[in-house]
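A.B. asks: Need the 3D shape of this:
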Amino acid sequence: MKGKAGIPARAALAALLPFACALPAAGQGSFAPPEGCESYLTVQAQNCVVTNHYVCPAIDPEHQFRTDFGEAGPYFTSRIDNKAHWVSSGPPDDPEETRTVPPPGDPGDVDELIANGVDTFDFYQESPQEGRTRITGYDRIVGEIEIDGEPLFRTEFEMTRTDESGRVIEHVTGKEYVSERHRRFFAGFAADVIDGREAAGIDRSPVEFIYPGEPGFGATYPRYGCELISQGPGAEPRLWRAAARRSDGGIPRFIGLHPKMSKAVHLRQTIAGPSGRPADDAAAYGLVPRPGALFDGQRVTVPTGGQS
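C.D. replies: I've put the predicted structure just below:
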């Protein structure tokens, strides 16, 4: 880590590991970042997500962190460097489960993107579940927009993830937002590409930007789009509650997760129901990201009355 002695840095990182236990339950209280860290922004987004952003000077004064919350509580924590390149991510109880392999060959660079309108990336990530995978793609600025008073660049991206043999594991396209003020991306629409076509996607575009002292800062309960997650008779009422139904009762694990991946990918990699087949289990829970969505080549039937 830049400018950090090994022992203090490891001690600071260790403070993140019990993070999940310290977080408030869904719908309760305000976000409390790990000791030595400071929150600076809360973003309420579409499709039932609220994100709290924070910095941790004891770990690295130039890095930024975020934790995403759904209705069932926190499910994802990620870390980026001062150029918005992805460093690590994982569930809150293991926030460095998946990491960039240093040094990245062509890291993402928000400065280059803003200056030139396009930026490419090509690097490797590593996780216990999938080993080493390669991430390639680009971001391109396509316009400007203001959301809740926040000036943003609109971007489009394409990202491909391959294993060590070159086999494509994921191919994702979508649109995001970039803040010059915060030097980071905010999620937008992302979709899996299967056999050359978009198969399933989700829109997590920001709705509210909330700063310290404003109502809603530090919120841990999402406000927008939660009613749009489909459910069937007898199913768990929300996506993340169903995804969290693991045999060990723990937080869902997001295998090989990269921030640009769509929630459809998250769902496919998370649900592990009685059949062991993601499509069947998703249908059993009454959950689909979009009518006719594909899960590992299997078509999911939308439950009666369900909607994405």
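A.B. asks: tell me the pLDDT at I194?
C.D. replies: With respect to pLDDT, I194 has a value of 81.
A.B. asks: repeat for A199
C.D. replies: 74.
A.B. asks: Show me what the host helix or strand of it is packed against.
C.D. replies: Element membership for A199 (DSSP states H and E) is strand 197-203. If you count contacts as 3 or more Cβ pairs under 8 Å, 6 or more residues apart in numbering; DSSP states H and E, strand 197-203 packs onto strand 184-194, helix 263-270, strand 294-295. Any C-beta I mention is one placed from the backbone N, CA and C, and that applies to glycine too.
A.B. asks: Swap in 6 Å and give it another go.
C.D. replies: strand 184-194, helix 263-270 (3 or more Cβ pairs under 6 Å, 6 or more residues apart in numbering; DSSP states H and E).
A.B. asks: got the contact list for the helix or strand just after it?
C.D. replies: Next helix or strand after strand 197-203 toward the C-terminus (DSSP H and E): strand 206-210. Outside strand 206-210, the residues that touch it by Cβ atoms under 6 Å, 6 or more residues apart in numbering are T42, V43, Q44, A45, I147, D148, E150, F186, G216, F217, Y224.
A.B. asks: What strands line up against strand 206-210, and which way round?
C.D. replies: Each strand paired with strand 206-210, and its direction, by DSSP bridges: strand 38-45 (antiparallel).
A.B. asks: Now do the helix or strand just after the strand it pairs with, average pLDDT.
C.D. replies: Once the chain leaves strand 38-45, the next helix or strand it forms, by DSSP H and E, is strand 49-55. Across strand 49-55, the average pLDDT comes to 98.
A.B. asks: about what we covered before: just the buried subset of the contacts of strand 206-210, written out for PyMOL, thanks.
C.D. replies: Provided next is the PyMOL selection string for whichever of the contacts of strand 206-210 are buried by 16 or more other Cβ atoms under 10 Å:
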select buried, resi 42+43+44+45+147+150+186+217+224
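A.B. asks: closest to F123 among the contacts of strand 206-210?
C.D. replies: F186 (21.0 Å; Cβ to Cβ).
A.B. asks: how close does the closest one get to P128?
C.D. replies: In this view, F186 and P128 are 29 Å apart by Cβ to Cβ, to the nearest Å.
A.B. asks: Likewise for V118?
C.D. replies: Relative to P128, and taking Cβ to Cβ, V118 is found at 34 Å.
A.B. asks: All set, thanks.
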